[in-house]
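**Student:** Below is the sequence, then the predicted model.
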Amino acid sequence: MPKAKNIPILQQSLLNWYAVHQRDLPWRRTRDPYAVWISEMMLQQTQVATVIPYYERWMKRFPNVVTLARARLQTVLKLWEGLGYYSRARHLHAAAKIIVADHRGQVPHRITDLRKLPGIGPYTAGAIASIAFDADEPVLDGNVTRVLCRMFRITTPPKDIHTQQKLWHLAHQLIPTGKAGFFNQAMMDLGATICLSRKPLCEQCPWRTHCRARAKGEQNQLPVKTPARLLPHFDIAVGVVWKNGKILIGRRKPKGLLGGLWEFPGGKRKSHESLKACVIREIKEETGIDVEVNQPLITVKHAYSHFRITLHVFTCRWRAGRARPLDCTAVKWVTPRQLDAYPFPRANLKVIEALKNRSS
Ligand code: SF4
């Protein structure tokens, strides 16, 4: 824990450093709570450089809560396409509707109200409350966690519940009254640009003389890592089914992984099942049609947070039956050009690219 007499020194040295070294990021040019909320949602599990173009496109298309609340979910998902963790987009859309209905279109300023909105956890609530409303609330993301674990030499796993409580308490203790917004952003920047996960730049750190991990030469051992789990792997067989110049696509159920996105029909291969048999079975179960499986189109490897997949994509031809949404919420026959109007998961985008390359 920091000594009480050191807290003002740590606060001031970090704020001074931030005044000179802060990153120029598009969402920092405003304190509009809506913009802060959108940026913080996009930044969850996504790198800043990836987020910037998405954020800029989003703010042009949905400049405020009302435009977002009125949009169709499919339009929202299309704008999010490729950013991953699509539940974030669904939550933003659902939360915008609640804000319009219950908060007269204004992002609420109280942590308790923010936490009731879909997709807003303690980190995002703290970020919105402190950055947009100057509330004395801490934040704790991966960057802040790394800085705190090193500064105060926390040697237990950061995800451990007791460590979490300790980290939140520390983050709270360090907040300078009335300056939480700047301080929190300074902590984020310190973690992102100086206290790097590998090879931290301690000589440039404003906290170097107080850092306990540095004093012991343990910067590279902290935070302690939980051993990486071996992610399970699944083979997914998928069909690009043609009928009269059109391709069949289906929309996933609204909840769960990739909920609401469109995809080419297919599914998980059973043990001892051939890929071609799997395509035929899955398409029949999902849409009710019979297909003839032709040549392979592309193989795509993709990793999600809890598992990895290999998509084996085949070109198929419709043989019989009327396509209907048996294990999805909608099916459509579309031309290759129309595919661009629908939101697809990243792995499917590679299939679309392969289709375009083949026909060009
Ligand atoms: S001195 Fe090094 S390890 Fe300590 S907080 Fe600064 S950058 Fe991180």
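**Tutor:** Yes, it's here.

**Student:** Leu201 is in contact with Arg214, correct?
**Tutor:** No. The pair Arg214 / Leu201 is not scored as a contact, 11.1 Å apart, by C-beta atoms under 8 Å. In short, each C-beta sits where N, CA and C put it, glycine included.

**Student:** And those two? Which one has more around it.
**Tutor:** Arg214 (20 against 11; other C-beta atoms under 10 Å).

**Student:** Which helix or strand contains the more buried one?
**Tutor:** Using DSSP states H and E, Arg214 maps to helix 212-215.

**Student:** elements contacting the helix or strand just after that helix?
**Tutor:** Sequence-wise, the next helix or strand downstream of helix 212-215 (DSSP H and E) is strand 233-243. Secondary-structure packing of strand 233-243 (3 or more C-beta pairs under 8 Å, 6 or more residues apart in numbering; DSSP states H and E): strand 246-251, strand 266-268, helix 275-287, strand 290-303, strand 308-320, helix 346-359.

**Student:** Using PDB, write out every CA atom in strand 233-243.
**Tutor:** What follows is strand 233-243, C-alpha atoms only, in PDB (Å, rounded to 0.1, in the frame of the first residue of the first chain):
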ATOM      1  CA  HIS A 233     -10.200 -26.600 -31.300                       C
ATOM      2  CA  PHE A 234     -13.200 -27.300 -33.600                       C
ATOM      3  CA  ASP A 235     -13.400 -28.100 -37.300                       C
ATOM      4  CA  ILE A 236     -16.400 -26.200 -38.800                       C
ATOM      5  CA  ALA A 237     -17.700 -27.200 -42.200                       C
ATOM      6  CA  VAL A 238     -19.400 -24.500 -44.100                       C
ATOM      7  CA  GLY A 239     -21.200 -24.300 -47.500                       C
ATOM      8  CA  VAL A 240     -21.400 -21.400 -50.000                       C
ATOM      9  CA  VAL A 241     -24.600 -22.600 -51.500                       C
ATOM     10  CA  TRP A 242     -25.500 -21.400 -55.000                       C
ATOM     11  CA  LYS A 243     -28.900 -21.300 -56.600                       C
END
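
**Student:** Distance from the chain centre to it, please.
**Tutor:** Centroid separation for strand 233-243 versus its chain: 25 Å, with C-alpha atoms, centre = their mean, to the nearest Å.

**Student:** Is Met59 in a helix, a strand, or coil?
**Tutor:** Under DSSP: H, G, I helix; E, B strand; the rest coil, the three-state class of Met59 is helix.

**Student:** okay, now the residue nearest to it when sequence neighbours are not counted: neighbour count?
**Tutor:** In this structure, Met59 finds its nearest non-sequential neighbour in Ala35, 6.5 Å apart by C-beta to C-beta, 6 or more residues apart in numbering. Using other C-beta under 10 Å, Ala35 has 22 other residues around it.

**Student:** same question, Asp24
**Tutor:** Asp24, neighbours per other C-beta under 10 Å, totals 6.

**Student:** same deal with Leu79?
**Tutor:** There are 19 residues near Leu79, going by other C-beta under 10 Å.

**Student:** can you check Arg90 too?
**Tutor:** 20.

**Student:** looking at it, it is touching Leu68, isn't it?
**Tutor:** No. Between Arg90 and Leu68 there is no contact under C-beta under 8 Å: 11.9 Å.

**Student:** Could you tell me which residues touch both of the two?
**Tutor:** Val76 (C-beta atoms under 8 Å, 6 or more residues apart in numbering).

**Student:** Now do the domain split for the chain, please.
**Tutor:** Here the domain parsing of the chain from automatic domain parsing is 4-221, 233-359.

**Student:** Present these as CSV; the columns should include distance to the ligand and mean pLDDT.
**Tutor:** Putting the domains of the chain into CSV (distance: least, C-beta to the nearest ligand atom, whole Å; pLDDT from 0 to 100) gives the following:
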stretch, distance to the ligand, mean pLDDT
domain 4-221, 3, 96
domain 233-359, 26, 95
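
**Student:** Can you say which of the ones you listed is nearest to Pro227?
**Tutor:** Pro227 lies closest, by C-beta to C-beta, to one member of the domains of the chain: domain 4-221, at 10.1 Å.

**Student:** Just give me how far the closest one sits from the chain centre.
**Tutor:** 13 Å.

**Student:** Do a quick rundown of the helices in the stretch 101-250 of the chain.
**Tutor:** Per DSSP state H, counting those that start in this stretch, the stretch 101-250 of the chain carries helices over the ranges 111-115, 122-133, 142-151, 161-174, 180-193, 212-215.

**Student:** JSON lines please, covering these and showing distance to Gly82.
**Tutor:** Shown next, in JSON lines, are the helices of the stretch 101-250 of the chain (distance: least, C-beta to C-beta, whole Å):
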{"stretch": "helix 111-115", "distance to Gly82": "27"}
{"stretch": "helix 122-133", "distance to Gly82": "21"}
{"stretch": "helix 142-151", "distance to Gly82": "22"}
{"stretch": "helix 161-174", "distance to Gly82": "31"}
{"stretch": "helix 180-193", "distance to Gly82": "22"}
{"stretch": "helix 212-215", "distance to Gly82": "37"}
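
**Student:** For Arg104, grab phi and psi.
**Tutor:** phi 50, psi 30 (degrees, to the nearest 10).

**Student:** mind listing what it touches?
**Tutor:** Counting by C-beta under 8 Å, 6+ apart, Arg104 has no contacts.

**Student:** what does Tyr54 give?
**Tutor:** Residues near Tyr54 by C-beta under 8 Å, 6+ apart: 42, 79-80, 83.

**Student:** what's the helix or strand for it?
**Tutor:** helix 48-61.

**Student:** Can you name the element that comes right after that helix?
**Tutor:** Next helix or strand after helix 48-61 toward the C-terminus (DSSP H and E): helix 65-70.
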